[in-house]
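Undergrad: need a structure here:
(one chain, ligands or ions: 1)
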Amino acid sequence: MNINTKLLHAYPVICRETGASSIPKFQASTFHQSDVFKHEGYQYTRFGNPTITAVEECIKSLEDASYGLAFSSGVAAINAVLFLLSSGDHLVLGKNIYGGTYQTVHEFLIRFGIECTFVDESNVSAWEAAIQPNTKMFYLETPSNPLLTITDLEAVTKIAKTHQLLVACDNTFMTPLGQETLPLGIDIVIHSGTKFINGHSDVIAGLIATNDEALYQQLKIHQKALGGILAVEEGWLLLRGVKTMGLRMEKSIVNAQAMAEYLQQKPQIKQVYYPGLATHRGYETHQKQAKNGGAVLSFELASEEHVHQLFENCQLPIVAVSLGGVESILSLPWCMSHASMPEEERLKMGVTPTLVRLSCGIEDIEDLIADFEQALQS
Ligand SMILES: Cc1ncc(COP(=O)(O)O)c(C=O)c1O
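TA: Below is the predicted model:
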């Protein structure tokens with residue numbers, strides 16, 4: 001089945017009982033058990049709910065996976081995965097991970113006696129060199145946020161398999177449509193469903209897919225016991241948003257490529273980071289493992305004055321911390337998504353006060369370019 005058909009037909013999309021053309025919101029905390037001794041259906045929404053089952057079937061089908069799970073946020077999904085680790089274990093992570101993941105590592109994992117090592121994710125041998133006798137997991141994101149650094153998924157998972165390590169990958173930026181990570185050896189793929197999957201900047205959600213039954217069973221316990229379940233209303237909105245994901249992504253990716261090429265020509269811009277540009281570091285690796293450059297790019301402006309000028313004069317993109325909406329979203333990672341990191345760490349990873357991130361929406365590209373043109377010239 002091709003992707004746009006799959007998005008409309010490959011998981012529960014109609015109500016089996018009534019034929020309603022959208023899965024109803026089963027807005028109930030608990031379910032009546034007609035035979036208390038033999039009950040096998042739903043019991044309590046924290047353990048499972050039919051609307052949320054449809055969401056879990058959806059991510060399962062988009063990832064061509066055996067199992068899917070839904071969470072209250074991308075961070076809840078990430079934490080459910082990181083809770084697979086126990087005191088005394090060692091975790092290796094790419095140094096350019098999402099700020100919230102960095103916070104979990106520093107606020108919880110280290111306090112719980114889990115050792116963590118950050119490596120340059122683009123350097124395959126750095127992953128191998130970081131392995132210790134107690135290493136249990138590799139955790140990565142490619143392209144990374146916000147510098148779009150590329151990790152070679154196949155090479156890194158090969159190292160992990162040689163050492164019997166789990167590999168978890170946050171695939172939020174590329175989505176299941178742009179990068180299939182499970183066939184490359186990733187054990188658990190994570191998404192912030194808040195972003196492109198829902199796509200309308202009106203839901204917070206997290207999703208996981210895996211092919212491993214034991215991992216699924218354990219993550220299911222984490223979902224229930226940590227309590228970070230996806231709410232019914234949010235699940236219903238996500239099911240509505242995901243149907244147009246193929247069309248939205250197509251347009252957003254074309255816009256991102258055009259914006260990257262446009263910005264590259266501007267004298268006010270020192271560098272553009274976008275894996276769809278042949279000049280991007282890691283371009284060949286990205287081409288090998290992904291289907292396109294994605295819809296997010298970042299760029300380094302010449303001075304803080306230029307940053308003020310851009311944010312004060314840009315009219316179309318909303319200025320916000322998120323990404324992956326139908327509208328373009330402009331953000332300043334320095335004081336938004338990465339603000340919780342110490343300044344020294346931000347600078348070390350290349351997140352400077354002049355680095356701007358743009359998530360491309362589905363606007364007409366001529367209008368987006370005209371808006372940036374007037375903002376940069378004013
Ligand atoms: C790459 C990445 N992963 C995870 C998250 C966290 O997702 P959520 O905000 O849905 O918890 C974000 C949020 O920006 C993100 O950019």
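Undergrad: Please tell me how far N211 sits from the ligand.
TA: Going from N211 to the ligand by C-beta to the nearest ligand atom, to the nearest Å gives 21 Å. All C-beta atoms are positioned from the backbone trio N, CA, C, and that covers glycine.
Undergrad: Once you drop chain neighbours, what's closest to that residue?
TA: Nearest non-adjacent residue to N211, counting by C-beta to C-beta, 6 or more residues apart in numbering: S66, 4.6 Å away.
Undergrad: and if you look at E327?
TA: Per C-beta to C-beta, 6+ apart, closest to E327 is G361, 4.4 Å.
Undergrad: how about that neighbour, secondary structure?
TA: coil (DSSP: H, G, I helix; E, B strand; the rest coil).
Undergrad: what residues are up against it?
TA: G361 makes contact with 252, 255, 317, 325-329 under the criterion C-beta atoms under 8 Å, 6 or more residues apart in numbering.
Undergrad: How much space separates it from the ligand?
TA: Noted for G361: a distance of 16 Å to the ligand, by C-beta to the nearest ligand atom.
Undergrad: Retrieve the pLDDT associated with that residue.
TA: Per-residue confidence (pLDDT) for G361: 98.
Undergrad: now do N96
TA: 89.
Undergrad: Next: M349.
TA: Reported pLDDT for M349: 83.
Undergrad: can you pull the contacts of the closest residue to the ligand within the stretch 201-350 of the chain?
TA: Scanning the stretch 201-350 of the chain for the residue nearest the ligand gives I204, at 5.1 Å (criterion: C-beta to the nearest ligand atom). Contacts for I204 (C-beta under 8 Å, 6+ apart) come out as 72-74, 194, 234.
Undergrad: go on, A256?
TA: By C-beta under 8 Å, 6+ apart, the residues touching A256 are 274, 276, 293-297, 358, 360.
Undergrad: so it sits in a helix?
TA: Yes. According to three-state DSSP, the state of A256 is that of a helix.
Undergrad: how far away is it from S298?
TA: Counting by C-beta to C-beta, to the nearest Å, the gap from A256 to S298 is 11 Å.
Undergrad: re the thing from before, counting neighbours, what do you get for the residue nearest to N211?
TA: For S66, the count of nearby residues is 13 (other C-beta atoms under 10 Å).
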